[in-house]
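Q: got a structure for you, letters missing:
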DNA sequence: TATATAGTGTTTTTT
DNA sequence: ACACTATATA
């Protein structure tokens, strides 16, 4: 039991309290994963709990894998019997066994957000609603929110007051019917259908209650209502439920996380034990203090103060730059320097930002500075076109009733089956309530199909060849290679001979290697199971362990991770906190952003640097920003604001003025984002309040003149045709050899005289 | 039927 | 900036 000795008193108490409901309030870096692991080991080795009676729910597959490894190390060979998984994969596993009781086929497929959007689009079209009013994105958000609250279409209809809400409920109903016809579940359904299963089939529920006598939920603050319902059902018999969470780290309200789940756990489970873990083992005192200061600005929280015995360490730094370009240069430059001169591994560093769009500048800098990096998230690997195409073939082979998959690949690669034909087919299928694939098999019945018939025939015979091959114990990998070859998909890409096509081929190769990996590690590999795993990977799950590279990711993705050095970038009002939450003026939303800030800051072990840019390109337009309020919430004396203090001070001061008059800040934001030309003139004549703080460094003199040849990083070479001396900067007009005439500000364009 | 082009809207975070 | 859609044209 030597693993228990490493625990402090509270941790130990938490690990040894195995019976009854237990709420562990675990602050950032307080060693909760260690506690959970020890708890499992303790139960098995000391209390004689059977490993298969334990269910541990983690937030990501990656966390599940890590926990499993640790449990393995602690208790050896029985660890495999413990269920460690995410909510979604646990539900998926359960539904694969029993979903036929709800009228679905057990070979159901899982729809990702793109797939769901397609279905909604189709539903809106079918109901003859205006797609401009009923946008897939927001409809899907509504449906998802409803599902998270366990509201069905009828419930939504009943609650609906306005006409659009009624219609949304109608779309929801049709959407749900289509999913069922396609034998598909969306992410929310995985949870919802499991709850439904347990509610309608008591003996199934009982068997899982008996099986999971001990339940542990990590990141409990981010569970939503369905997840809570699920937990309550499972735990209600034995009541051995241990949840671990930190209300200060709740950052998923937008996807239904219900902070009440943690705040009212004590009411839901009377007699529950509450244990607080407040000693932080991760960060230096300086980092922790600064984070505590920021989070203390939130109102509705369980009051607690993290403390540490760690050294004081370096002060938290704040640096600001004229543009995002310089910001990225600084961050990546410093990382390159520290790793080359001070021999620090790249994996010590993480660059965090609020939105995925901000990754580009850092990526570019990493490439040019030869710094190895990995971007987490962004365009999900599995939502790339070529990957979805191949997966659609696999889905068609696996589950012929998935119309979405079938229609996707019907003419991919091009085999001369056009929109009109596809339209006729889906219409015919819709009228007869048949699946598209079933219609294809009797295509000669469809009116007006004429010339396309042989093409359809060759498609269906292709698919049946694949099916036969798949049934013939062909591995997923071999099947994929066969598809790429026999459909001509690979050939088509190779013939294209562009960088983009080559990148696609690389992605496909990666998918194939993921398939081999899967086959080598899965207990009982099958096509359905592979497709399921693929649908449920999170971005963070793709982070390879042990690789020496800088990680670039959103603050959300960073949850649960830790790094020696953390750079939190884009620390500007309207970037972070996001304009979305600033604009609403709702405290709740700002508080969620503040928690996100707290999560980011507490990722740092030793070094924490906050950076900001005064000017940033957002969706092609120039925006001016002041420093984030969160920076200002850290007392100035705790912050290192740089040697050249005048600029940072001015920047901070400017944003303070700013925060004092929110109306102005909105006006300014509008001016910057919507009416650039007008706003620019306005800015030159009458600087708005706070505006004078945004002094862009104007070059004293330019080292080129009209008529000179210059080089631009992106546009190549050209001739300067005009230079206009503006109030804040020189505006240079250049006729590029390739890119044509461009006007740009000298301080940003970085033109090189040739 | 396939492709080129202009026009349009959009994104905060994700299983 | 970018991706997606509708329209025109080969």
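A: On my side now, so go ahead. All of these numbers come straight from a predicted model, not from anything done at the bench.
Q: residue A:72 looks like it's in a helix, true?
A: Yes. Residue state for residue A:72 (DSSP: H, G, I helix; E, B strand; the rest coil) corresponds to a helix.
Q: and for the closest residue to it other than its chain neighbours, the neighbour number?
A: The shortest distance from residue A:72 to any non-neighbouring residue, by Cβ to Cβ, 6 or more residues apart in numbering, is to residue A:79 (4.4 Å). In short, each C-beta sits where N, CA and C put it, glycine included. By other Cβ atoms under 10 Å, the residues close to residue A:79 number 22.
Q: residues from the stretch 1-150 of chain A in reach of DNA strand C?
A: Within reach of DNA strand C by Cβ under 7 Å from any atom of the strand, the stretch 1-150 of chain A has these residues: A:121, A:131.
Q: hey, where'd the strands end up in the stretch 1-150 of chain A?
A: Here the stretch 1-150 of chain A has its strands, by DSSP state E, counting those that start in this stretch, at A:22-26, A:54-58, A:83-86, A:109-111.
Q: same check, this time on the stretch 551-700 of chain A
A: A:563-568, A:604-618, A:621-624, A:639-640.
Q: which residues sit in contact with residue A:301?
A: When contacts are counted by Cβ atoms under 8 Å, 6 or more residues apart in numbering, residue A:301 touches A:247, A:248, A:295.
Q: contacting residues around the spatially closest residue to the last one that is not a sequence neighbour?
A: So that's residue A:295. Using Cβ to Cβ, 6+ apart and skipping the chain neighbours, the partner closest in space to residue A:295 is residue A:598 (4.3 Å). Residues near residue A:598 by Cβ under 8 Å, 6+ apart: A:28, A:248, A:249, A:291, A:294, A:295.
Q: hmm, residue A:156 is touching residue A:170, no?
A: No. If you go by Cβ atoms under 8 Å, residue A:156 and residue A:170 don't touch, sitting 9.2 Å apart.
Q: higher neighbour count, those two?
A: Taking other Cβ under 10 Å, residue A:156 and residue A:170 do not tie; residue A:156 has more neighbours (23 against 19).
Q: ok, now how distant is the residue lying closest to that one once chain neighbours are set aside from residue A:146?
A: By the measure of Cβ to Cβ, 6+ apart, the closest residue to residue A:156 outside its immediate chain neighbours is residue A:169, 4.0 Å from it. Using Cβ to Cβ, to the nearest Å, we find residue A:169 at a distance of 9 Å from residue A:146.
Q: which residues does the residue of chain A found nearest DNA strand C contact?
A: When scored by Cβ to the nearest atom of the strand, chain A has residue A:620 as its residue closest to DNA strand C, at 3.0 Å. The contact partners of residue A:620, by Cβ under 8 Å, 6+ apart, come to none.
Q: same thing with residue A:339?
A: Residue A:339 neighbours (Cβ under 8 Å, 6+ apart): A:345, A:346, A:348, A:349, A:371.
Q: over to residue A:91?
A: Contacts of residue A:91 by Cβ under 8 Å, 6+ apart are A:190, A:191, A:193, A:194, A:230.
Q: now swap in residue A:534 and tell me
A: Counting by Cβ under 8 Å, 6+ apart, residue A:534 makes contact with A:382, A:391, A:514.
Q: which helix or which strand is home to the residue nearest to the last one when sequence neighbours are not counted?
A: Which is residue A:514. Once flanking residues are discounted, residue A:514 sits nearest to residue A:534: 7.7 Å by Cβ to Cβ, 6+ apart. Residue A:534 is located in helix A:527-535, with elements delineated by DSSP states H and E.
Q: close to DNA strand B, is that helix?
A: No. For helix A:527-535 and DNA strand B, the contact criterion (Cβ under 7 Å from any atom of the strand) is not met; the two come no nearer than 8.5 Å.
Q: tally of neighbours for residue A:303?
A: 5.
Q: any stretches of the stretch 551-700 of chain A with poor pLDDT?
A: Counting by pLDDT under 70, the stretch 551-700 of chain A shows low-confidence ranges at A:584-585, A:643-700.
Q: near DNA strand B, which residues of it are found?
A: So far as Cβ under 7 Å from any atom of the strand goes, the stretch 551-700 of chain A lies against DNA strand B at A:554, A:556, A:557, A:578, A:579, A:580, A:581, A:589, A:596, A:619.
Q: give me that answer again for 6 Å
A: Applying Cβ under 6 Å from any atom of the strand, we find that the stretch 551-700 of chain A lies next to DNA strand B at A:554, A:556, A:557, A:578, A:580, A:581, A:619.
Q: quick one: contacts for the fifth one?
A: In this case it means residue A:580. Contacts were defined as Cβ under 8 Å, 6+ apart; by that measure residue A:580 touches residue A:589.
Q: might you list the low-confidence residue ranges for the stretch 251-400 of chain A?
A: In the stretch 251-400 of chain A, no residues with pLDDT under 70.
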